[in-house]
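In: have a look; sequence and predicted model below, questions after that.
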Amino acid sequence: MSPDIPAHTTAPAPGAEPASPYAIDPSGGCPHALNASLRTRGPVADVVLPGGVPGAVVLGHDALREFLAHPDVAKDSRHCPALNDGTIPPDWPLRVFANAQGMHTADGADHRRLRSLVGNAFTARQVERLRPRIEELTAGFLDDLGRAATADPDGVADLRTHLALPLPMSVICELLGVDPEHRERLHHLSYTVIIDTGTGPAEKTAAARELIELMGTIAAARRAAPGDDLTSALIAARDDDGDRLSEAELIGTMRLMLVAGHETTLNLISNAVRALCTHQDQLALVLDGKASWSDVVDETLRWDGPVSWFPFRYPTRDLDLGGHLIPQGTPVLAGYTAAGRDETFHGPDAGRFDLTRPGAARHLSFGHGVHYCVGAPLARLEAVIALEGLFTRFPDLDLAVPETELPRQRSFIGNSVETLPVRPNGCGHWTT
């Protein structure tokens with residue numbers, strides 16, 4: 001990353017000049033030291049977004065919870081004048097988050113209308129019906145992981161390639177009715193457009209255009225040959241009552257389901273495996289039945305969540321949040337990884353991975369309020385099944401390199417590593 005705020009920076013004294021806004025490094029990296037430094041300024045920090053755009057990030061747990069459900073905070077980019085009056089250029093790389101059409105950028109009645117079209121597919125009851133298929137897929141991918149390690153002279157395989165990515169990608173693509181031939185390209189495009197904040201404007205624009213075109217191709221295939229899938233159901237809703245779902249909303253909703261349905265779970269599984277391999281005492285608690293795999297999922301979501309700083313929400317008036325004034329129309333990031341380690345809420349040991357922590361499930365990694373992640377039950381189920389299957393099949397699994405040497409995602413949005421080489425049959429432990 002670019003030079004961070006010094007690790008021991010303290011909040012300005014009363015009457016002192018306020019700290020300069022932090023200029024976000026598009027190349028990202030591990031967010032935790034930066035989060036800790038920025039939280040010394042307060043629960044909200046001013047930032048400069050890539051491209052020189054003024055913004056803010058909400059870092060404290062209580063402040064973020066209030067912000068996510070605040071009646072004077074909107075998701076629709078029409079509430080950000082700078083995005084619409086030419087102040088922010090058309091090729092701004094982060095404009096993709098503002099321009100998308102779907103329930104994640106809608107407010108009020110529009111949001112309720114769009115969410116109702118997909119919500120029934122992600123209820124706890126509907127998701128539980130997917131358990132046998134997720135277990136079947138997991139078993140197959142664990143076979144792949146074992147074969148890849150056996151074929152390698154050092155017994156190493158990339159867990160992201162063989163389990164953490166293909167499992168959620170397969171599940172969400174089956175739900176959406178996406179043919180297997182498209183899946184690899186869809187992941188590449190979604191990562192380029194949404195996660196990789198180090199991508200230049202031209203490449204990101206081209207990838208966004210191709211992603212929209214590919215989603216349109218998938219929608220056309222389902223329109224020609226409807227199936228028992230979510231895309232066909234969305235198309236039927238649009239065609240039966242044309243004012244319910246525009247073509248742009250259809251494509252936007254499909255894209256949201258695809259990206260949110262696999263990128264976040266990919267990181268969640270990866271981060272949980274990293275945490276357990278570097279905290280063998282915590283892994284032992286689970287293997288001994290003293291903690292559950294659900295505990296692992298919740299503590300990972302709190303301690304090292306899959307999404308770090310997510311764009312955007314916009315105050316519809318000047319907003320005082322935690323003693324910090326956020327001007328009307330400011331693009332604001334939700335600092336999920338920062339809130340997860342907020343000591344004022346989670347206690348002085350918030351930086352410790354602890355499966356016995358009381359209240360770990362009170363994290364905000366799935367959001368809060370009306371935009372709470374509709375896919376949360378599915379992400380939880382996939383992660384629990386994947387982790388239990390992995391460590392049951394390979395109880396001696398370990399990282400193949402020290403955790404600090406793993407390449408980080410080039411992102412301030414996603415929070416994980418690019419690759420996760422493991423030795424399924426163990427080799428000694430890289431502990432913290």
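Out: Yep, it's here.
In: any stretches of the stretch 101-250 of the chain with poor pLDDT?
Out: 238-243 (pLDDT under 70).
In: mind listing the strands for it?
Out: Assigned by DSSP state E, counting those that start in this stretch, the stretch 101-250 of the chain shows strands spanning 157-158.
In: now for A124, how many residues are close by?
Out: Counted with other Cβ atoms under 10 Å, residues neighbouring A124 total 11. Using the backbone N, CA and C atoms, a C-beta is placed for each residue, glycine as well.
In: in this structure it contacts P377, no?
Out: Yes: look at A124 against P377 with Cβ atoms under 8 Å: they come within range, at 4.8 Å.
In: quick one, longest helix in the protein?
Out: Secondary structure assigned by DSSP state H gives helix 247-277 as the longest helix of the chain.
In: give the contact list for L142.
Out: L142 is in contact with 163, 389-390, 393-394, counting by Cβ atoms under 8 Å, 6 or more residues apart in numbering.
In: over to A82?
Out: Counted by Cβ under 8 Å, 6+ apart, A82 has contacts 53, 88, 329, 331.
In: with A400 instead?
Out: A400 is in contact with 154, 156, 421-423, 427, counting by Cβ under 8 Å, 6+ apart.
In: thinking again about what came up before, buried stuff in the longest helix of the chain?
Out: For helix 247-277, a neighbour-count test (16 or more other Cβ atoms under 10 Å) marks 249-277 as buried.
In: check stretch 412-429 too.
Out: 412-418, 420-424, 427.
In: again with stretch 391-411
Out: In terms of neighbour count (16+ other Cβ under 10 Å), stretch 391-411 has its buried residues at 391, 394, 397-400, 406, 408-411.
In: ok, now stretch 341-348?
Out: Neighbour counts using 16+ other Cβ under 10 Å place 341-342, 345-346 of stretch 341-348 among the buried residues.
In: tell me if I'm right that T344 and H61 touch.
Out: Yes: taking Cβ under 8 Å as the definition, T344 is a contact partner of H61 at 7.2 Å.
In: what touches both of the two?
Out: With Cβ under 8 Å, 6+ apart as the test, T344 and H61 reach no residue in common.
In: residue contacts, the nearest residue to R380 once chain neighbours are set aside?
Out: Among residues not flanking R380 along the chain, V297 sits closest, at 5.8 Å (Cβ to Cβ, 6 or more residues apart in numbering). V297 makes contact with 268, 272, 380, 383-384, 387, according to Cβ under 8 Å, 6+ apart.
In: closest one to A139 out of these, please.
Out: L387 (13.8 Å; Cβ to Cβ).
In: tell me where the stretch 251-400 of the chain has strands.
Out: Under DSSP E, counting those that start in this stretch, the stretch 251-400 of the chain gives strands at 309-315, 319-321, 324-326, 332-335, 398-399.
In: may I see those organised as JSON lines, with distance to R129 and mean pLDDT added?
Out: Shown next, in JSON lines, are those (distance: least, Cβ to Cβ, whole Å; pLDDT from 0 to 100):
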{"stretch": "strand 309-315", "distance to R129": "29", "mean pLDDT": "97"}
{"stretch": "strand 319-321", "distance to R129": "40", "mean pLDDT": "97"}
{"stretch": "strand 324-326", "distance to R129": "42", "mean pLDDT": "97"}
{"stretch": "strand 332-335", "distance to R129": "31", "mean pLDDT": "98"}
{"stretch": "strand 398-399", "distance to R129": "35", "mean pLDDT": "98"}
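In: out of those strands, deepest packed?
Out: Scoring the strands of the stretch 251-400 of the chain by mean neighbour count under mean count of other Cβ atoms under 10 Å gives strand 332-335 as the most buried, with a mean of 26.
In: pull the number of nearby residues for L64.
Out: Count around L64 with other Cβ under 10 Å applied: 27.
In: and the helices in the stretch 151-300 of the chain, which stretches?
Out: When secondary structure is read from DSSP state H, counting those that start in this stretch, the stretch 151-300 of the chain shows helices at 159, 166-176, 183-190, 201-224, 230-240, 247-277, 280-287, 293-303.
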